Each structure stands twice: as structure tokens, then as C-alpha cells.
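>>> Structural data only, the sequence is not supplied:
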């Protein structure tokens, strides 16, 4: 079966006429399922859906509809492919990096953490499942209440900058919201950018 690339990192079989109805049925069944945020990030004090919990909920629903997900670490990418029993498929490549910056962890543990993180996010994206908390101002690592432009938080310490980097690492779309919530000078922005490049 030939592969069509919609972008450099998003691909599918030439035909998906059997896969799409099966995916619709999966999503209807998933809407009735109970998926709760069962894990907590002690550093950011937020909750999220663990990979094990996500897989335990979706695997039976996928199987009932002739679907299966395969995930492989392929070089610098986590490749996630949704296959239908007809042989049709859709898939995507997510850039992969090991986790870093945790005290007391070795390289293998950092690799494992990165794999779990990449699997959870790429699987959630492919199946349109929210695996994390909402990304509005209420999830800010420094200030919980929503901030107005006249009450932006001033960032003065490396610890605060590290919290911001951790917060953005959970969802890279947050990077574009920094100026809405924090007063950051050019040096601080450059430092954050450098830390994010080291992680991703």
C-alpha cells in the first residue's frame, strides 16, 4: 500500500475510506469511556493522564473497531501509526529528545522518560485526546490567577526561569504566551530559549 505524505512528518495510506469510519466509531466509544488524570507532576503541581492509563482505556476501544496503534523510536523521531485491519493507516513523526535536568537520574532513565513523554503526547495528538491540563493562565507555574497586562509577574530568579522552562516543556504552545503573563527582558528570553533548545 502506497504512502502519501501530507507534510514531511504526517503521512497516510493512499486510501483511508475504511479507517475513517472506524476512527469515528472509536471516538464515539471513547466519549463514553472514563479517562481521568491519574498522575501528578509534583514540580508543576498539575495532573495529567499517565501513558499506562491512556493505553488501558483506548486499547479495547481500538480493537473493537479494527484499529491498532504502533509506536517506535526511529532515530530522532517517535513514530506513531494508527492501522486499520484493512491495511489503511495514518501516522506522524514527533521529534524526540531524552528528558534532562532531573537530579539523580542516569542517561538510560532520561531516555526512558523521554520515550514515555513522547509516546503519551504523540498518541494523544493522533487520537485527539487531551492528556494534559488546560494551557491557560491558571496553569502558570508562578502565578495561578489570570493576569492582566497591567499585572504581569516580574521574574527575578533562576528558579523562576526554570519553572517557566518546565512549564513550556509540557506544552510548547505556551512559549507564545509568555509576554502575556511575565515581564521578561531580552537576556531572560534568550536564556529560556537556550534551555528549551537543550531539551528539544
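That came through, no problem. This is a predicted model, so every value here is computed, not measured. Numbers count the residues shown, from 1 in each chain.
>>> Can you list phi and psi of residue 77 for me?
phi -130, psi 150 (degrees, to the nearest 10).
>>> Now do the closest residue to it other than its chain neighbours: how many residues are near it, please.
For residue 77, ignoring the flanking residues on the chain, the nearest one in space by C-beta to C-beta, 6 or more residues apart in numbering is residue 93 at 4.0 Å. C-betas here are computed from N, CA, C, even on glycine. A count of neighbours around residue 93, defined by other C-beta atoms under 10 Å, yields 19.
>>> Next up, identify which helix or strand residue 93 is on.
Assigned by DSSP states H and E, residue 93 belongs to strand 89-95.
>>> for that strand, the distance to its chain's centre please.
In this view, strand 89-95 has its centroid 13 Å away from the chain centroid, taken as C-alpha atoms, centre = their mean, to the nearest Å.
>>> neighbouring contacts of that strand?
1, 9-13, 16, 19, 74, 76-83, 118, 121-122, 125-126, 200 (C-beta atoms under 8 Å, 6 or more residues apart in numbering).
>>> which of those are buried?
11-13, 16, 19, 77-83, 118, 121-122, 126 (16 or more other C-beta atoms under 10 Å).
>>> In helices only, show me the residues you listed.
19, 118, 121, 122, 126 (DSSP state H).
>>> my guess is the fourth one meets residue 72, correct?
No - here residue 122 does not reach residue 72: they are 10.9 Å apart, not a contact under C-beta atoms under 8 Å.
>>> Would you check which pair of the ones in helices among the buried ones among the contacts of strand 89-95 lies furthest apart?
Greatest spatial distance among those (C-beta to C-beta): 19 and 118, at 23.0 Å.
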